[in-house]
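**Student:** Generate a structure from the sequence data that follows.
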Amino acid sequence: MLPDRMRKAEEGKDADGKMRSHHKAFLARWWQLSFGRPEMLSVIKPLPRYLCCAYVTKRPIFIFASSAIRPSNLIQVFAFADDYSFGILQSSAHWQWFVAKCGKLAERFRYSAESVFDTFPWPQAPSEKQIDAIAAAGREIRRIRSAALATLPGGLRALYRSLDLPGRNPLCDAHTALDAAVLAAYGFSAKKDLLEQLLALNGEVAERLRRQHPVTAPGIPASHSQPEILLSDDCLGGNHG
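**Tutor:** Residues are numbered from 1 along each chain as shown. Next up, the predicted model:
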């Protein structure tokens, strides 16, 4: 890291050959990250775990990471520790919204929080039973993934590529169950275009906000009587009881 910092400092000198102030600061603490992202860390630090996915990806694959892990700038972070939020973000509803709204880097998609997450409408009136069903379906997906990764080389990317292969696939079945649970929570019709229904809901939520009417924000709905049951403990970097 030090040689790289020294090279950038040399290349970044001004017309008079003087080193720029920010390069001096980086050299003085060359062993640290250039930008510590204190705002993000203040959000994830109180959590036992947080959701994340690759910033540049063809398909977002969400995992939980221990809050003891400090993510790089190549990771998109979401301050959710619950299984319901995992289920919503890992669903086809969110994936279709992502593909429609994301930026692109060459042939890969870039997850932009501003254009994707901030505009994505969450279910506005899910019942407690529907919330629990989504959480359970999300846990089943992670259980199947963990079991498969114990013997499959190539990690999650290789596992998700198996969804395109013919034959029975437990992960595909688990995603189908999750998508059905999410569709029910939205109150959408399986016979209508999912993206069109999401776009219509986006407009409804925007209008409620404009009129200063209450909306259901991302995360566990406040109406859930036992939010603690939506918090399991599996995550990258260790378990939390």
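
**Student:** hey, let's count contacts and neighbours off CA atoms from now on
**Tutor:** Fine.

**Student:** Surely residue 76 is in a helix?
**Tutor:** No - applying DSSP: H, G, I helix; E, B strand; the rest coil, one finds residue 76 to be strand, outside a helix.

**Student:** Could you number the chain from 102 rather than 1 from now on?
**Tutor:** From this message on, residue numbering opens at 102, which makes the last subject residue 177.

**Student:** any idea how far residue 293 is from it?
**Tutor:** 31 Å (CA to CA, to the nearest Å).

**Student:** likewise residue 336?
**Tutor:** 36 Å.

**Student:** On the pLDDT front, check residue 221 for me.
**Tutor:** Each residue has a pLDDT score; the one for residue 221 is 98.

**Student:** what's the burial count for it?
**Tutor:** Residues lying near residue 221 (other CA atoms under 10 Å) number 22.

**Student:** List the contacts of it.
**Tutor:** Shown in contact with residue 221 (CA atoms under 8 Å, 6 or more residues apart in numbering): 195, 198, 299, 303.

**Student:** and what of residue 338?
**Tutor:** 166-167, 169-170.

**Student:** how about CSV for these, with neighbour count added?
**Tutor:** Below are those laid out as CSV (neighbours: other CA atoms under 10 Å):
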residue, neighbour count
166, 23
167, 22
169, 16
170, 14
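
**Student:** Among the residues you listed, which one sits closest to residue 114?
**Tutor:** Residue 114 lies nearest to residue 170 out of those, by CA to CA, at 34.5 Å.

**Student:** any idea which residue sits dead centre in this protein?
**Tutor:** In the chain, the residue lying closest to the centroid (CA atoms, centre = their mean) is residue 153, at 4.4 Å.

**Student:** Backbone dihedrals for it, please?
**Tutor:** When read as degrees, to the nearest 10, the backbone of residue 153 gives phi -160, psi 160.

**Student:** In this structure it contacts residue 166, no?
**Tutor:** Yes - counting by CA atoms under 8 Å, residue 153 does reach residue 166; the two are 7.1 Å apart.

**Student:** where along the chain do the strands fall?
**Tutor:** Assigned by DSSP state E, the strands in the chain fall at 150-155, 157-158, 164-167, 176-179, 204-206, 209-211.

**Student:** mind putting the ones you listed in a markdown table, mean pLDDT included?
**Tutor:** Compiled in a markdown table, the strands of the chain are given as follows (pLDDT from 0 to 100):
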| stretch | mean pLDDT |
| --- | --- |
| strand 150-155 | 96 |
| strand 157-158 | 90 |
| strand 164-167 | 97 |
| strand 176-179 | 94 |
| strand 204-206 | 77 |
| strand 209-211 | 87 |
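
**Student:** Tell me which of those sits nearest to residue 140.
**Tutor:** Closest among these, using CA to CA: strand 176-179, at 11.9 Å.
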